[in-house]
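> output the structure for:
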Amino acid sequence: MTAPPAAVQDSPGEEELARGLAEGDEACLAAVYHRWSALVHALAVRSLGDAREAEDVTQQVFLGVWRGRHGYRPERGAMAGWIVGIARRKIADALSARTRRLDLLTSVASAGTPLAAGRHADEPSEAVLDRVLVGHALAGLPPAQQRVLRLAFFEDLTQTQIAERTGWPLGTVKSHARRGLHQLRRGLRDGPRESPREESRVRGR
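Numbering: from 1, shown residues only. Sure, this is the predicted structure:
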């Protein structure tokens, strides 16, 4: 069905949208979102392969549109191209964040490096964030699993040493470690598609 003439006339042009955005007109932002959100979402889904993550990125893109509205110059190109540029940067950020989560999951699964809390003052902020993320995820585990993994991560104890420290049978320690790591991975990853395929366990020596 053909849209009525009034609807066509009410559809703002790019110059009007650009002017409205620069003036802080939220109605113009809504119009921009209505016009280009499907394109942004499609680009995000194609790159990320996950509709939920693509929705988050789409929201970030239009938040970026609003925050960066004073930087748009119509004479430099169409608004769609400007928005797609923002989308590509946000998608790249999402992919980078996904890589960091996978790296953290690998570290958690292998438990090869102790995550001791009092490191050097000049320690990279990424390492601090890793410990915060792991600590937060550990706090949601059952007490027994939490204790085993804390001894492994923060004190760098082997399974045998954990059994000696806790007085639990080695098989019980291994069971708590295996189940705890499984739940920890679920808490740290973003979506089931990123689940590592290998059978992970706390390192034993």
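> run through the protein and note the low-pLDDT ranges.
1-11, 101-133, 187-205 (pLDDT under 70).
> measure stretch 74-82 end to end?
9 Å (CA to CA, to the nearest Å).
> which secondary structure elements does the helix or strand hosting H182 contact?
Per DSSP states H and E, H182 falls inside helix 170-188. Contacts defined by 3 or more CB pairs under 8 Å, 6 or more residues apart in numbering; DSSP states H and E place helix 170-188 against helix 79-110, helix 125-138, helix 143-154, helix 159-166. For every residue, glycine as well, the C-beta is placed using N, CA and C.
> wait, doesn't L21 sit right on C28?
Yes: at 5.1 Å, L21 counts as touching C28 under the criterion of CB atoms under 8 Å.
> buried sites along the helix holding H182?
V173, K174, H176, A177, G180, L181, Q183, L184, R185, G187, L188 (16 or more other CB atoms under 10 Å).
> how about stretch 80-89?
Buried, per 16+ other CB under 10 Å, within stretch 80-89: W82, I83, V84, I86, A87.
> could you dump the residues you listed to JSON lines with distance to A51?
Output for the buried residues of stretch 80-89, formatted as JSON lines (distance: CB to CB, whole Å):
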{"residue": "W82", "distance to A51": "24"}
{"residue": "I83", "distance to A51": "20"}
{"residue": "V84", "distance to A51": "19"}
{"residue": "I86", "distance to A51": "20"}
{"residue": "A87", "distance to A51": "15"}
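> which residues touch V32?
L17, L21, F62, V65, M79, I83 (CB atoms under 8 Å, 6 or more residues apart in numbering).
> weed out the non-buried ones from these.
L17, L21, F62, V65, M79, I83.
> and the contacts of V32 as CSV, adding distance to L138?
Below are the contacts of V32 laid out as CSV (distance: CB to CB, whole Å):
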residue, distance to L138
L17, 48
L21, 44
F62, 35
V65, 38
M79, 46
I83, 40
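> closest to V148 among those?
Lowest distance from V148 to the contacts of V32 (CB to CB) belongs to F62, with 44.2 Å.
> tell me which helix or strand the closest one sits in.
Counting by DSSP H and E, F62 is found in helix 51-67.
> ok, residues contacting that helix?
If you take CB under 8 Å, 6+ apart as the criterion, helix 51-67 is touched by 21, 29, 32-33, 37, 40-41, 44-45, 48, 83, 86-87, 89-91, 93-94, 190-191.
> count the neighbours of G71 for me.
By the criterion of other CB atoms under 10 Å, G71 has 11 neighbours.
> what do you get for V40?
With other CB under 10 Å as criterion, V40 counts 26.
> and it, what does it touch?
By CB under 8 Å, 6+ apart, V40 lies in contact with V57, T58, V61, F62, I83, V84, A87.
> at 6 Å instead, please
T58, V61, A87 (CB atoms under 6 Å, 6 or more residues apart in numbering).
> surely the last one meets A42?
No: using CB atoms under 6 Å, A87 is not in contact with A42; the gap is 9.8 Å.
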